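Trainee: Build me a model:
(4 chains)
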Number of protein chains: 2
Amino acid sequence: MSKPGQQVISRLRQMILSGELESGQRLAEIPTAEQLGVSRTPVRIAFRNLEQEGLLTKLSGRGYMVRQVTQAEISGSIEVRGVLEGLAARQAAENTLSRSQTAELLHLLKQGDELFAKGHITEQDLAIYHDMNQRFHQVIIEASLNPAIAEALSRNEHLPFASVSALAFDRNNLAQEYRRFNFAHMQHHAVFDAISHGQGSRAEAIMREHANATHGYAKIFSQMEESGEKMHVLNNVNATM
Amino acid sequence: MSKPGQQVISRLRQMILSGELESGQRLAEIPTAEQLGVSRTPVRIAFRNLEQEGLLTKLSGRGYMVRQVTQAEISGSIEVRGVLEGLAARQAAENTLSRSQTAELLHLLKQGDELFAKGHITEQDLAIYHDMNQRFHQVIIEASLNPAIAEALSRNEHLPFASVSALAFDRNNLAQEYRRFNFAHMQHHAVFDAISHGQGSRAEAIMREHANATHGYAKIFSQMEESGEKMHVLNNVNATM
DNA sequence: TTTGTCTATATTGGATCCAATGAATAAAAA
DNA sequence: TTTTTATTCATTGGATCCAATATAGACAAA
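Mentor: All right, here's what the predicted structure looks like:
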């Protein structure tokens, strides 16, 4: 996957998600190509791919712009993620987990427990939690044995703030964030319990509600808009997608 | 949208969904370009777009092939469609429909009623039902005011047999098909009733179950595999997407 | 002063050219 | 006869060239 063309896509995706390219900013082929040190061809292809991913929107005849995401769209995306991951949890429960999946989920749960055992949380802890959380969700989606779920999620996954791959938190209020993420992690336990007991409906309901834990991010996001850079965003971009 | 480049994409999509290009068939850039009377450039772009749509899969270094869709994948897609359209119905109910949306849905319901009033159904009727059905679902998705739903569906929409845009039926058993589609249409009535009374949960449950009416298609699909061309597929390709 | 039209320029889309890469086949050696 | 290696050929990816187009700016007229 280290082909130059793929790298252009990854790089642009990264620049958008990290905010290096501002939302609403216009993007033309030639300057972008020069900036990345390639010709227009791979940039053209990348723009079209990113448009399909929903990160860029086409302006008629004048290239592309970084998609403007409204708070309503973020909320909508989170709802969508909720039902899709809820379905994944249900189907995972109906299929029963493999031995290795059970082991990995248990390991991830334990990893989270250790973070919260201290009674407080640091930024570094949140980075670890972030990776753990992302993997936890991924395992369940895999365990659903329904590839259409991952496909349907792929759009949302690339939307900043709506995906599990983005985690926002308030640097100045880590005590509150401790409670928020601790609660989310308890839901992880509940989901695992439901899945491993074959309780599909229960697993679905918890997972769907669990997505709402992300709604907190959206709130924080809008706060950031006003009071400028009060909070922090971790973003794991999956370069292989 | 009648730009030549867009037409290449639409044409290829059409050829794939109609079966003109067989599932699993390898597709190279040069022959395809010659066949369509364009250069390689628009074809290259089209291939990548269609790959993201899930209609083509990339073979390492040797171009693309028409995606093989297993029956399990179709079932999975239908489940996904169920939860997404279920969510759409719920949110439509929570938002309350606009005047024009209500009018259009009522019109579509009536249109369907007239088809089934005769007590039997013809192939031509099914073509009308197909358009009506597609529009009915589309209006509800719009009424959800959640653009993420349509985005998440877009992948599935392009999968043959899993989308509302494809309708399969058994030509030789129209009496049975009458009962199947009549039942599906009664669900349309129930969904509308729930939405217009603001009953979000009910609307969601009915819509989710309604997706399973499509499962019949999947069964028919596998029958076709065996006994060859016993059934018929209507496919409305949305060329503007 | 404002509006409409025309022209010039910026920019995308398509075609073609060249390089890189991987697969297939043929030839040679074991 | 089989396996391994080398060479050729098919095919994709990137760069550049050319044409089509739309926007912006300038100039003229009302």
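Trainee: for A:Met65, helix, strand, or coil?
Mentor: strand (DSSP: H, G, I helix; E, B strand; the rest coil).
Trainee: how near is the nearest residue to it once chain neighbours are set aside to B:His120?
Mentor: Computed as C-beta to C-beta, 6 or more residues apart in numbering or on different chains, the closest residue to A:Met65 that is not its neighbour in sequence is A:Arg26, at 4.9 Å. C-beta: built from backbone N, CA, C; applies to glycine. Here A:Arg26 is placed at a distance of 58 Å from B:His120 (C-beta to C-beta, to the nearest Å).
Trainee: which phi and psi does A:Asp170 have?
Mentor: phi -100, psi 110 (degrees, to the nearest 10).
Trainee: Can you tell me the number of residues neighbouring A:Trp144?
Mentor: No Trp there; residue A:144 is Ser. 24 (other C-beta atoms under 10 Å in any protein chain shown).
Trainee: I figured it was touching A:Thr96, is that so?
Mentor: No. Contact criterion C-beta atoms under 8 Å: A:Ser144 and A:Thr96 do not qualify, at 11.6 Å.
Trainee: Show me how the record splits chain A into domains.
Mentor: A:4-66, A:71-235 (automatic domain parsing).
Trainee: quick one: which of those is nearest DNA strand C?
Mentor: domain A:4-66 (2.9 Å; C-beta to the nearest atom of the strand).
Trainee: what about the closest one and DNA strand C, any contact?
Mentor: Yes. Domain A:4-66 is in contact with DNA strand C by C-beta under 7 Å from any atom of the strand, via A:28-30, A:40-41, A:44, A:61-63.
Trainee: next one: stretch A:63-74 to chain centre, how far?
Mentor: 16 Å (C-alpha atoms, centre = their mean, to the nearest Å).
Trainee: on that earlier part again, what does the residue nearest to A:Met65 show for phi and psi?
Mentor: Taking degrees, to the nearest 10 as the convention, A:Arg26 sits at phi -80, psi 150.
Trainee: Quick one: residues contacting it.
Mentor: Contacts for A:Arg26 were tallied using C-beta atoms under 8 Å, 6 or more residues apart in numbering or on different chains; they are A:59, A:62-65.
Trainee: where along chain A do the strands fall?
Mentor: Along chain A, counting by DSSP state E, strands occupy A:26-27, A:56-58, A:64-66, A:166-170, A:231-235.
Trainee: Give me the sheet partners of the shortest one and which way each runs.
Mentor: This points to strand A:26-27. strand A:64-66 (antiparallel) (DSSP bridges).
Trainee: could you flag which of the contacts of A:Arg26 are buried?
Mentor: With neighbours counted by 16 or more other C-beta atoms under 10 Å in any protein chain shown, these contain buried members at A:63-65.
Trainee: and of the residues you listed, the nearest to chain B?
Mentor: Taking C-beta to the nearest C-beta as the measure, chain B lies nearest A:Tyr64 of the buried ones among the contacts of A:Arg26, at 14.1 Å.
Trainee: Next, count neighbours for the closest residue to the closest one other than its chain neighbours.
Mentor: By the measure of C-beta to C-beta, 6+ apart, the closest residue to A:Tyr64 outside its immediate chain neighbours is A:Leu56, 4.3 Å from it. Residues near A:Leu56, counting by other C-beta under 10 Å, number 23.
Trainee: Name the residues that touch stretch A:30-47?
Mentor: Under the criterion C-beta under 8 Å, 6+ apart, residues A:4-5, A:8-9, A:11-12, A:27, A:29, A:56, A:63-64, B:44-45, B:48 lie in contact with stretch A:30-47.
Trainee: Out of those residues, which end up buried?
Mentor: For these, buried by 16+ other C-beta under 10 Å: A:8-9, A:11-12, A:27, A:29, A:56, A:63-64, B:44-45, B:48.
Trainee: Go back to those and keep what's next to DNA strand D.
Mentor: Among those, the residues within reach of DNA strand D (C-beta under 7 Å from any atom of the strand) are A:8, B:44.
Trainee: Now pLDDT too, for the buried ones among the contacts of stretch A:30-47, in JSON lines please.
Mentor: Compiled in JSON lines, the buried ones among the contacts of stretch A:30-47 are given as follows (pLDDT from 0 to 100):
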{"residue": "A:Val8", "pLDDT": "92"}
{"residue": "A:Ile9", "pLDDT": "92"}
{"residue": "A:Arg11", "pLDDT": "91"}
{"residue": "A:Leu12", "pLDDT": "92"}
{"residue": "A:Leu27", "pLDDT": "92"}
{"residue": "A:Glu29", "pLDDT": "93"}
{"residue": "A:Leu56", "pLDDT": "92"}
{"residue": "A:Gly63", "pLDDT": "88"}
{"residue": "A:Tyr64", "pLDDT": "94"}
{"residue": "B:Arg44", "pLDDT": "94"}
{"residue": "B:Ile45", "pLDDT": "94"}
{"residue": "B:Arg48", "pLDDT": "93"}
